[in-house]
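Engineer: below are the sequence and a predicted model; questions follow.
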Amino acid sequence: FGYIAEEAKAWRKARVEEFRIWCWDARECDSRGQWTIPQQADIGMRNWLAYGENCGLVEYMGRGMRRRYGLKTGTKYSVFSPSRLVQDTSEMERMFQGVIRDENGRIERYRCEVRDNGMTSKRDFAARDMDGRQLFVHSFDPFGAEDERGISPLAATFRKYLMGENVDDATAQMKFLQTVYALVLTSDRPSAEAFEALETLKEYEGGPAVIDEYMVYYKAQLDMAGKIDVGNEAGVSHLAPGEKLTFETAKVPGDNYEPFRAAIDRETARALGVSYGAYTLDYTKATYASTNMENAALYPLAVRRTDRIVAPNYLVPFASWLDEGVAEGRIPFKPGYAVFAANREALTWATCIGPSKPTADDEKRDRAVTERLLNGTSSLEDECAALGRNAEEVFESKLAWHKRHVDAGIPSPFDRKTGSQPVQDGKNNKAAA
């Protein structure tokens, strides 16, 4: 395209910096002027967790409308709830659950519900415009080649989650009951059958006198006993003869509660894409080895979800933003827009760097990175991507700070030692400069 290597690198760097500014300006990037692109990416991820789909729409705002709001760019991107994508199916229209295909089986339009002036209606949105630019984002993780819509990764955990909630409720209720009714009074007092047996003595000679004497004795024993005092103030309880007062402790949760609850939480944590410790905040049994194994299992899942679910919320509006900038002359491109349009896919191709790879020990991780780089089994691009960083930006930053240290005559933190040679004398810095 008429650029030398340095010019091409400078052109890419300038576009990345400009797009980052556009992404963080909600008035410029959002058709509603409300959310930034990073916020919309987060919303899209939560939509996918809840609905199994992430939906977004690229729109263009004309110059007249831009002047009204004082905006520079016309490209606008907005995510919306996947529930607005209808579930209608019509064989005559080649539509299945709101996704409409053409005669060749390619996705042509999406049918959504829209509200205008308090009225709800259905409207078709084109998947791409006449020049092939993508306008509609519908990202999900398909299970089969013929899937049209997505399903929430949490769907398989709903039953276990509700089961866990029921277990917690039952455990709490039992614990409350045992806390309130924790006093047990054991008594040897005569039962109703004993008093009925005394009544039979009335039929014998002298029986009434025996009954009267026993009742006087029993009343005297009861009068000796006071009330059971468990109030706010300390007191001594006087029990009747043969009585015993005990305090019971809560017997729930039992020994099987924690393993059972942990098994339920592990399934939910896996569906969310986080570790068991991060989901429950329970790190009591975590070890260095177990933490590394968790990270090794979850990081590929995070990368996959970044590429397939989150990245379209950045890359699709980026392609439209870059196309508009070149077409309207805000972004310089030597060959002109006609050449850009003919090579749009190549010039708008980009990648989205995901989150950094978690680690249980930073020092051991850095040593492993150094070994891979020295052995030639890895590259700066791979290692920086694992840290969620851009290798080009890291290199430019290191170069700028290294030159600044050297020009100031102070040791550079980026100057590597050679053997036992110290770097404090500044010799290595001068040689590097």
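Structural biologist: Looks like it came in fine. Numbering: from 1, shown residues only.
Engineer: show me where the stretch 101-250 of the chain has helices.
Structural biologist: 158-180, 192-199, 207-224 (DSSP state H, counting those that start in this stretch).
Engineer: tell me the phi and psi of Lys76?
Structural biologist: phi -130, psi 140 (degrees, to the nearest 10).
Engineer: avg pLDDT for the helix or strand hosting Lys364?
Structural biologist: Here Lys364, judged by DSSP states H and E, is contained in helix 362-375. Regarding helix 362-375, the rounded mean pLDDT is 88.
Engineer: if we can go back for a sec, lowest average pLDDT across the helices of the stretch 101-250 of the chain?
Structural biologist: helix 192-199 - the lowest mean pLDDT of those, at a mean of 61.
Engineer: Pro208 contacts Lys202, correct?
Structural biologist: Yes. Using CB atoms under 8 Å, Pro208 is in contact with Lys202, at 5.6 Å. All C-beta atoms are positioned from the backbone trio N, CA, C, and that covers glycine.
Engineer: low pLDDT regions in this protein?
Structural biologist: Within the chain, the stretches with pLDDT under 70 are 177-198, 201, 214, 217-253, 416-433.
Engineer: centroid-nearest residue for it?
Structural biologist: Geometric centre of the chain, nearest residue: Leu272, 6.2 Å, by CA atoms, centre = their mean.
Engineer: now that residue, nearest residue through space, not along the chain?
Structural biologist: Of all residues not flanking Leu272 in the chain, Tyr279 sits nearest, at 6.5 Å (CB to CB, 6 or more residues apart in numbering).
Engineer: okay, now that neighbour: neighbour count?
Structural biologist: Other residues lying near Tyr279 total 16 when counted by other CB atoms under 10 Å.
Engineer: show me what contacts it?
Structural biologist: 265, 268-269, 272 (CB atoms under 8 Å, 6 or more residues apart in numbering).
Engineer: likewise for Tyr288?
Structural biologist: 360-361.
Engineer: distance of it relative to Lys398?
Structural biologist: 30 Å (CB to CB, to the nearest Å).
Engineer: for Ser397, see how far away Pro413 is.
Structural biologist: 12 Å.
Engineer: who has more neighbours out of these two?
Structural biologist: Neighbour count, other CB under 10 Å: between Pro413 and Ser397, Ser397 has more, with 13 against 10.
Engineer: hang on, the earlier thing: please report how far the residue nearest to Leu272 lies from Asn292.
Structural biologist: Going from Tyr279 to Asn292 by CB to CB gives 18 Å.
Engineer: Glu103 too?
Structural biologist: As defined by CB to CB, Glu103 lies at a distance of 52 Å from Asn292.
Engineer: counting neighbours, go ahead and name the busier of these two.
Structural biologist: Asn292 (16 against 7).
Engineer: ok, the more buried one touching Lys364?
Structural biologist: No. Counting by CB under 8 Å, Asn292 stays clear of Lys364, with 9.2 Å between them.
Engineer: spit out the residues that contact those two alike.
Structural biologist: By CB under 8 Å, 6+ apart, no residue touches both Asn292 and Lys364.
Engineer: before we move on, what SS does the residue nearest to Leu272 have?
Structural biologist: Under DSSP: H, G, I helix; E, B strand; the rest coil, the three-state class of Tyr279 is helix.
Engineer: how distant is stretch 82-102 from the center of its chain?
Structural biologist: Computed by CA atoms, centre = their mean, to the nearest Å, the separation of stretch 82-102 from the middle of its chain amounts to 30 Å.
Engineer: may I have it exported as PDB, CA atoms only?
Structural biologist: Extracted C-alpha coordinates of stretch 82-102, given in PDB (Å, rounded to 0.1, in the frame of the first residue of the first chain):
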ATOM      1  CA  PRO A  82     -31.200 -11.100  23.400                       C
ATOM      2  CA  SER A  83     -34.800 -11.400  24.600                       C
ATOM      3  CA  ARG A  84     -35.700  -8.900  21.900                       C
ATOM      4  CA  LEU A  85     -34.600 -11.400  19.300                       C
ATOM      5  CA  VAL A  86     -37.900 -13.100  18.500                       C
ATOM      6  CA  GLN A  87     -38.600 -16.800  18.800                       C
ATOM      7  CA  ASP A  88     -40.800 -16.900  15.700                       C
ATOM      8  CA  THR A  89     -40.300 -19.600  13.200                       C
ATOM      9  CA  SER A  90     -41.600 -19.600   9.600                       C
ATOM     10  CA  GLU A  91     -40.600 -22.100   6.900                       C
ATOM     11  CA  MET A  92     -42.000 -19.800   4.200                       C
ATOM     12  CA  GLU A  93     -39.600 -17.100   5.200                       C
ATOM     13  CA  ARG A  94     -36.700 -19.500   5.900                       C
ATOM     14  CA  MET A  95     -36.800 -18.100   9.500                       C
ATOM     15  CA  PHE A  96     -36.000 -20.100  12.600                       C
ATOM     16  CA  GLN A  97     -36.400 -18.400  16.000                       C
ATOM     17  CA  GLY A  98     -35.900 -14.900  14.500                       C
ATOM     18  CA  VAL A  99     -32.800 -15.800  12.300                       C
ATOM     19  CA  ILE A 100     -33.600 -15.400   8.600                       C
ATOM     20  CA  ARG A 101     -31.500 -17.000   5.900                       C
ATOM     21  CA  ASP A 102     -31.400 -16.600   2.100                       C
END
